[in-house]
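Enquirer: what shape does this take:
(one chain, ligands or ions: 2)
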Amino acid sequence: MKPQETLDQVAAEVSVCTLCPLHHSRKNAVPGAGPANAKIMFIGEGPGFHENEQGLPFVGAAGKFLDELLASIGLTRAEVFITNVVKCRPPGNRDPEPQELEACDPYLERQIQAINPAVIVTLGRFSMGKFMPNAKISQVHGQPRQVNGRLVVPMFHPAAALHQASLKPVVQADFARLPGLIAQAETTSPPPEEEKDDSTPQQLSFF
Ligand code: URA
Ligand code: SF4
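Expert: Ligands and ions are numbered 1, 2, ... in the order given. Have a look, this model is predicted:
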């Protein structure tokens with residue numbers, strides 16, 4: 001399947017998914033948005049009120065700040081893929097439960113495999129937890145780490161910076177490092193490609 005077809009397929013499945021209890025209260029599932037060839041992927045926590053209404057990620061206040069952060073490094077939404085660790089809104093914006101994260105993770109995995117981004121930015125502790133289970137966000141924010149051959153950069157959630165003003169310059173400074181990290185990831189360590197059928201080269205080697 002082509003990457004875009006995989007993303008469309010995931011979105012279709014998510015829109016009718018009943019794999020965890022979050023499906024009971026959702027209005028619209030939020031699969032994520034962005035181009036299949038994005039070099040950078042942002043992974044947040046879960047849809048909030050406005051996202052649940054519109055079926056799109058980061059369209060509320062945190063999304064506005066995210067747009068500003070993207071603009072500050074010369075990026076627009078048209079160039080990045082944005083999604084969440086759970087695709088349906090936790091009621092009252094409560095934290096996602098471990099079994100909800102687990103049930104929803106295969107969708108995120110398929111999106112990552114399809115897009116194959118050079119860099120993944122995690123927004124908040126739940127998406128960081130997927131890649132760095134024991135890390136503390138206050139200690140590791142902004143520091144890239146190689147996870148399964150891919151560069152992952154943990155960041156504070158934009159909503160956290162809206163609630164705690166002192167975090168705003170921290171998030172802005174972490175974002176400012178991204179262009180360099182993307183360039184570095186693209187030149188020094190190409191992200192893993194999907195498994196290829198290697199029978200042809202093996203056969204050729206016999207001749
Ligand atoms: N917060 C998130 O983590 N994700 C969204 O899509 C919106 C707000
Ligand atoms: Fe399915 Fe994920 Fe929604 Fe749960 S949060 S119902 S696993 S799409």
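Enquirer: quick one: the residue of the chain found nearest ligand 1 from Val59, how far?
Expert: Residue nearest to ligand 1 within the chain: Gly44 (3.0 Å; C-beta to the nearest ligand atom). No exception for glycine: its C-beta is placed from N, CA and C like everyone else's. Separation of Gly44 from Val59 (C-beta to C-beta, to the nearest Å): 12 Å.
Enquirer: how about Glu97?
Expert: 24 Å.
Enquirer: looking at the two, which one has more neighbours?
Expert: Neighbour count, other C-beta atoms under 10 Å: between Glu97 and Val59, Val59 has more, with 20 against 14.
Enquirer: contacts for the helix ranked longest in the chain?
Expert: Longest helix of the chain, by residue count under DSSP state H: helix 98-115. Contacts with helix 98-115, where a contact means C-beta atoms under 8 Å, 6 or more residues apart in numbering, come from 1, 3-4, 6-7, 10, 13-14, 17, 19-22, 31-32, 36-38, 41, 43, 81, 83, 85-88, 90, 96, 120, 126, 130, 194.
Enquirer: mind checking which of those are in strands?
Expert: If you go by DSSP state E, the contacts of helix 98-115 have Met41, Ile43, Phe81, Thr83, Ile120 in strands.
Enquirer: any idea of the pLDDT on the third one?
Expert: We note a pLDDT of 98 for Phe81 in this prediction.
Enquirer: the nearest residue to it once chain neighbours are set aside and Val10, how far apart?
Expert: Using C-beta to C-beta, 6 or more residues apart in numbering and skipping residues adjacent in sequence, the residue nearest Phe81 is Gly34, 3.3 Å away. According to C-beta to C-beta, Gly34 and Val10 sit 13 Å apart.
Enquirer: what's near enough to touch the residue sitting nearest the centre point of the chain?
Expert: The residue lying closest to the centre of the chain (C-alpha atoms, centre = their mean) is Ile43, at 2.3 Å. Applying C-beta under 8 Å, 6+ apart, we find Ile43 in contact with Thr83, Asn84, Val85, Leu108, Ile120, Val121, Thr122, Leu123, Ser127, Lys130.
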